[in-house]
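Visitor: have a look at this prediction, sequence included:
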Amino acid sequence: MKSVKEVMYNLISSSLVILFNEISDEPSCQRHDLVHDFCLIKAREERLVDQISSSTPSSSSSQDLMPRIVTIHYNSELLWLNNFVLFDSNKKRLSGKYLYSLTIDGDKRDDCLSDTFHLRHLRLLRVLYLDPSFIKVNDSLLNEICMLNHLRYLQIGTEVKFLPLSFSNLWSLETLVVENDGTILMLLPRIWDLVKLRVVHMNTCSFFDMDTNEPILIVEDTKLEKLRLLEKLVLSYSKCIEDIFQRFPNLQMLVFDVKESWDYSTEQHWFLKLDCLTELEELTVCFKSSNDSGSSIATNQQWDFHFPSSLKILSLYDFPLTSDSLSTIARLPNLEVLSLYGTIIHGEEWNIGEEDTFENVKCLKLNKVTLAKWEVAEESFPALEKLKLSGCRKLEKIPSSFGIFIH
């Protein structure tokens with residue numbers, strides 16, 4: 001199966017898609033005008049897409065012409081009339097017989113809706129997006145969603161802490177996006193049955209209950225081999241998760257918070273062993289100190305880093321690091337982008353010797369790094385193309401070898 005990048009490059013090379021702002025951190029794309037017009041005509045001919053407003057009058061005659069992709073926008077000025085109940089089990093306003101994709105959004109509300117929605121009749125639904133600022137999915141609605149076993153893409157907002165047992169019914173699910181501010185959603189053991197999962201994106205999630213720290217029950221040899229992106233885990237030291245990432249062998253992008261823990265066997269900060277993730281290309285980690293002041297008590301201690309050699313993009317937030325810890329990062333052979341945010345460097349000195357060469361690093365970003373003296377050898381960054389410094393107020397002098405790269 002081709003990756004998203006490969007498909008995008010093919011579209012660009014065929015002039016079907018035009019690339020803008022290529023040198024930026026966030027390049028943008030646009031369909032060619034002729035392609036856009038052609039797609040629009042075909043979509044109208046086949047009634048592929050439609051947009052419905054809450055002010056649109058109900059019409060039973062239109063049910064047979066229901067398009068396959070629908071976006072419903074709720075008008076906040078009319079919602080108080082309580083005249084629009086979507087897919088009510090007794091009186092269905094819309095027929096979902098052939099509906100494949102459904103998006104529901106509306107103006108942000110203090111009392112997010114959930115009880116006025118019934119989705120269990122949409123048996124063929126493959127894509128479901130419920131705007132979290134408008135609809136907050138409760139236990140009842142989540143159980144209805146779990147009946148839609150053809151779903152491939154699900155994006156919701158919820159405050160539930162555990163995935164229901166019925167979540168295992170979503171065996172076709174490939175993308176799961178959950179906005180769950182304020183709660184930590186426990187992933188296991190429900191996700192083990194979702195063998196087609198490729199993307200899991202949440203505000204905060206965990207492998208186990210962070211309140212009870214109960215052990216994880218993992219079926220032997222259980223793996224999610226198709227999972228490519230996992231965000232955003234909250235992790236702390238536990239015997240149960242030492243080898244957990246062996247269950248996700250093909251991860252390409254990983255984002256997590258790590259709570260401060262001390263490994264007495266190595267006399268170093270505890271850190272997950274990630275070298276088993278041989279396909280991992282992008283890693284973002286935020287350090288959560290056990291100190292109430294926000295900074296780690298032991299800023300002069302080493303990290304037991306085990307990064308995979310495949311890593312290309314590494315972003316570290318609020319880590320206390322020593323020069324030796326940074327030397328470990330320098331040994332990553334394929335690293336192209338290194339970003340340090342809020343980093344406290346021990347002694348406020350970073351001395352990069354001749355033996356420490358960031359061989360393939362093209363972009364180096366330092367944001368609010370506690371650094372006063374910075375010594376860099378001539379060949380420390382032979383491939384560097386971009387250097388971004390911001391908020392490094394204690395830095396006395398920028399190494400002269402960086403003069404042409406500063407942004």
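Guide: Yep, that arrived.
Visitor: contacts and neighbour counts: CA atoms only from here.
Guide: Fine.
Visitor: for Asn143, give its distance to Leu154.
Guide: Separation of Asn143 from Leu154 (Cα to Cα, to the nearest Å) stands at 13 Å.
Visitor: same question for Leu99.
Guide: Distance of Leu99 to Leu154, computed by Cα to Cα: 15 Å.
Visitor: quick one: low-confidence ranges for the stretch 201-350 of the chain?
Guide: 210, 212-220, 262-268, 291-301 (pLDDT under 70).
Visitor: centre of the chain to stretch 161-172, how far?
Guide: Remark: stretch 161-172 is offset 20 Å from the chain centroid, using Cα atoms, centre = their mean, to the nearest Å.
Visitor: for stretch 181-190, same thing?
Guide: Its chain's average C-alpha position is 14 Å from that of stretch 181-190, according to Cα atoms, centre = their mean.
Visitor: start to end distance for it?
Guide: Taking Cα to Cα as the criterion, the two ends of stretch 181-190 lie 20 Å apart.
Visitor: ok, and what's touching it?
Guide: The set of residues that contact stretch 181-190 without belonging to it, under Cα atoms under 8 Å, 6 or more residues apart in numbering, is 159-165, 167-168, 203-210, 216-218.
Visitor: narrow those residues to those in strands?
Guide: The members of the contacts of stretch 181-190 that map onto strands under DSSP state E are Asn203, Thr204, Cys205, Ser206.
Visitor: and of those residues, the nearest to Phe117?
Guide: Within the ones in strands among the contacts of stretch 181-190, distances to Phe117 taken as Cα to Cα reach their minimum at Asn203, with 24.0 Å.
Visitor: what pairs with Glu375 across the strands?
Guide: Judged by DSSP bridges, the bridge partners of Glu375 are Asn351.
Visitor: how near is it to His73?
Guide: Counting by Cα to Cα, the gap between Glu375 and His73 amounts to 57 Å.
Visitor: what of Leu173?
Guide: For Leu173, the distance to His73 equals 25 Å [Cα to Cα].
Visitor: kindly report the same for Asn250.
Guide: If you go by Cα to Cα, the gap between Asn250 and His73 works out to 38 Å.
Visitor: which one of these two has more residues nearby?
Guide: Neighbours were counted for Asn250 and for His73 using other Cα atoms under 10 Å; Asn250 has more, 21 against 17.
Visitor: my read: the more buried one touches Lys223, true?
Guide: No: using Cα atoms under 8 Å, Asn250 is not in contact with Lys223; the gap is 10.0 Å.
Visitor: name the residues of the helix ranked longest in the chain that are buried.
Guide: In the chain, ranked by residue count with DSSP state H as the criterion, the top helix is helix 33-45. Taking 16 or more other Cα atoms under 10 Å as the neighbour-count basis, helix 33-45 is seen to contain no buried residue.
Visitor: put the alpha carbons of that helix into PDB.
Guide: What follows is helix 33-45 as a C-alpha-only set of coordinates in PDB (Å, rounded to 0.1, in the frame of the first residue of the first chain):
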ATOM      1  CA  ASP A  33      -8.900  24.500 -11.400                       C
ATOM      2  CA  LEU A  34      -9.900  22.000 -14.100                       C
ATOM      3  CA  VAL A  35      -9.700  19.100 -11.700                       C
ATOM      4  CA  HIS A  36     -11.800  21.000  -9.200                       C
ATOM      5  CA  ASP A  37     -14.500  21.900 -11.700                       C
ATOM      6  CA  PHE A  38     -14.600  18.300 -13.000                       C
ATOM      7  CA  CYS A  39     -15.000  16.900  -9.500                       C
ATOM      8  CA  LEU A  40     -17.700  19.400  -8.700                       C
ATOM      9  CA  ILE A  41     -19.800  18.500 -11.800                       C
ATOM     10  CA  LYS A  42     -19.500  14.800 -11.100                       C
ATOM     11  CA  ALA A  43     -20.400  15.200  -7.500                       C
ATOM     12  CA  ARG A  44     -23.600  17.100  -8.400                       C
ATOM     13  CA  GLU A  45     -24.600  14.600 -11.100                       C
END
